[in-house]
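>>> okay, predicted coordinates and the sequence, questions at the end:
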Amino acid sequence: MTAVADVGVATGGRPGASLRIAGWSAVLGTVLSFARAPLTGELDLPETTASPEAIVGFFRGSSLDVAFVGGMVMVSVGWLLYLVFIAKVADLLQTIDVSYRWLGYVMFGGMVLNVGMTLGYVVTLTVGVSAATGGGVGLDVLVVLFRAIWTFIYLGTLVWALVAVPMGYAIVRTAILPVWMGWAILIIFVANLAANFMPFEVSSVTGGLPYLWMLAAGVVLMIRSNRH
Amino acid sequence: MTTSVHLAPSGTRTGTIIAGVAGLLHVILAVIAPALTGELTQPSWSEPSASILDFYQTTAFDTSFMAGVFLEGVAFVVVLVLIAKLSDLVGNAEGGSPWLGRLIFGGAVLDTALILAYLSTLGAAGFRTSHGGMNADGYLLLNDLRFAFIWVGLLALVLWLASLGFAMIRTALFPRWLGWAMLVNSATILIAFFLPVRAWDITTGLPILWVLVIAVLLLTRPDRYSGRVSHS
């Protein structure tokens, strides 16, 4: 007689429900990421070459009020929701072809790193505002924190490779999402990398493209969830 | 006829017991360590600079304090063993689909990394104080960083706690009330961001209780949670 473990029986795992959750996570993640910017003063983030006075002015332009804290929570939760989306996409990839499972690990690990970079950005920005508005902290500390913010942004565009490249490759090879989305995420990644060496206005536009890609991917998953 | 044994991919009986012991160790260390570091007395970033400086300049950052910092780090590394096991169990209960399990483990790794960053800033402040001290800028910066790391660490905690709670409700893996309790706890942690700081002390302490319940379940029913069943 075949023994059946009492744990390991699939009682959940409705594919439509998990696809819908993943789709909503990507959409909501994008909405939260875009909606927070006006609340936190990030739209006024000075360029890397900004003067110390401009840096102090930027940090002192915000305060640790409900809007700022809410904005920081929104961007953090938004990126954690992207992790939900990527976990499901990695799962789908494995379902289509188990030989692509390793790519799923790369993109999930890459997204964990990206979330880490985002949280590092949130920490330095929040500490900068806290230090500038609380008083008692010198200019040097604020300049260091400002440099750290930009370091997290640059590192984020680099670490995004671990999500974009395996995702683009997997989509092009397996059509897990529409193939044009595979090419799109690869092009967006290259554009973002190149924008690091271009004027600030360019990088501020290209920086929003990955969010729009996630939004589109979320909508596609939600549409597909209705077929299950 | 005696027993026929099936080992499911969720591991062995020994693995289940190790995971349960890791959970218990986490609970013990997570209770002892904050007592050694005086975690409840540490200042938040909203307190006046004078009281922040007063805390660092009057606290005895002695051996027991540094031991507390180290033990708290161990607590959050050790719990990853339990969570790896839970991720595996969830994957099996989802019919081999690893997405929720992956999410739980990813969130826990992130949470542990941020807790370790928090402990590093606390330890750095303590170390510098006991080796000649720092100027006010250094203390205020480290205090703000310490608080910010634990702040975002709580968001990562919410991710794995909510995912695990959701998995418990979706599957019959653990009692469903436990899943609901974890989901409600996750929501209260998010709300606590907008409440006075000390509200965190209760909401963020509860996950230790859930880990205790899970560890006890694993240790008292290791056959169930290793997929091992007997047929006569």
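The structure has been received and is ready for your questions. Computed from a prediction, not measured in an experiment: that's the story for all the values here.

>>> quick one: contacts for the spatially most central residue of chain B?
By CA atoms, centre = their mean, the mean C-alpha position of chain B lies nearest to B:F76, the distance being 5.4 Å. Residues counted as contacts of B:F76 (CB atoms under 8 Å, 6 or more residues apart in numbering or on different chains) are B:H26, B:A30, B:D111, B:T112, B:I115, B:L116. Every residue, glycine included, has its C-beta placed from N, CA and C.

>>> tell me which element the second one is part of?
Assigned by DSSP states H and E, B:A30 belongs to helix B:13-37.

>>> for that helix, buried residues please.
Buried residues in helix B:13-37, counting neighbours by 16 or more other CB atoms under 10 Å in any protein chain shown, are found at B:15-16, B:18-27, B:29-30, B:33-34, B:36-37.

>>> identify all contacting residues around that helix.
With CB under 8 Å, 6+ apart as the criterion, helix B:13-37 contacts B:39-40, B:64-65, B:67-69, B:71-72, B:74-76, B:78-79, B:81-82, B:84-86, B:122, B:208, B:211-212, B:214-219, B:222-223, B:225-226, B:228.

>>> list the buried ones in stretch A:164-183?
A:164-172, A:174, A:176-177, A:181-182.

>>> one step back: any idea how far the helix holding B:A30 is from the middle of the chain?
For helix B:13-37, the separation from the chain centroid amounts to 10 Å (computed by CA atoms, centre = their mean, to the nearest Å).

>>> report the rounded mean pLDDT for it.
For helix B:13-37, the mean pLDDT works out to 93.

>>> quick one: name whatever helix or strand follows that helix.
Counting by DSSP H and E, the element after helix B:13-37 in chain order, helix or strand, is helix B:49-58.

>>> what is that following helix packed up against?
helix B:99-129, helix B:136-170 (3 or more CB pairs under 8 Å, 6 or more residues apart in numbering or on different chains; DSSP states H and E).

>>> tell me the angle of the longest one relative to helix B:49-58?
Here helix B:136-170 runs at 90 degrees with respect to helix B:49-58, directions being taken by axes from the mean of the first three to the mean of the last three CA atoms, to 10 degrees.

>>> and helix B:136-170, anywhere near chain A?
Yes. Judged by CB under 8 Å from any CB of the partner chain, helix B:136-170 and chain A are in contact via B:136-137, B:140-141, B:144-145, B:148-149, B:151-152, B:155-156, B:158-159, B:163, B:167, B:170.

>>> dump the very next helix or strand once past that helix to PDB, restricted to CA.
Past helix B:136-170, heading to the C-terminal end, the next element that is a helix or strand (DSSP H and E) is helix B:176-192. Included here for helix B:176-192 are C-alpha records, laid out as PDB according to Å, rounded to 0.1, in the frame of the first residue of the first chain:
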ATOM      1  CA  ARG B 176      -5.700  28.100  10.900                       C
ATOM      2  CA  TRP B 177      -6.200  30.400  13.900                       C
ATOM      3  CA  LEU B 178      -2.400  30.700  14.000                       C
ATOM      4  CA  GLY B 179      -2.400  31.900  10.400                       C
ATOM      5  CA  TRP B 180      -5.100  34.400  11.100                       C
ATOM      6  CA  ALA B 181      -3.200  35.600  14.200                       C
ATOM      7  CA  MET B 182      -0.100  36.100  12.100                       C
ATOM      8  CA  LEU B 183      -2.000  38.100   9.500                       C
ATOM      9  CA  VAL B 184      -3.600  40.300  12.100                       C
ATOM     10  CA  ASN B 185      -0.200  40.800  13.800                       C
ATOM     11  CA  SER B 186       1.300  41.800  10.400                       C
ATOM     12  CA  ALA B 187      -1.400  44.400  10.000                       C
ATOM     13  CA  THR B 188      -0.900  45.800  13.500                       C
ATOM     14  CA  ILE B 189       2.900  46.200  12.900                       C
ATOM     15  CA  LEU B 190       2.100  48.300   9.800                       C
ATOM     16  CA  ILE B 191      -0.300  50.400  11.800                       C
ATOM     17  CA  ALA B 192       2.300  50.700  14.600                       C
END
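
>>> tilt between helix B:176-192 and helix B:136-170?
Direction vectors for helix B:176-192 and helix B:136-170, defined by the same axes, to 10 degrees, enclose an angle of 150 degrees.

>>> from chain A, how far off is B:D88?
Between B:D88 and chain A the computed distance is 10 Å (CB to the nearest CB, to the nearest Å).

>>> over to residue 61: give its phi and psi.
Answering for chain A, as no chain was given. phi -70, psi -10 (degrees, to the nearest 10).

>>> ah, I was thinking of chain B
The phi/psi pair for B:F61 (degrees, to the nearest 10) is phi -80, psi 70.
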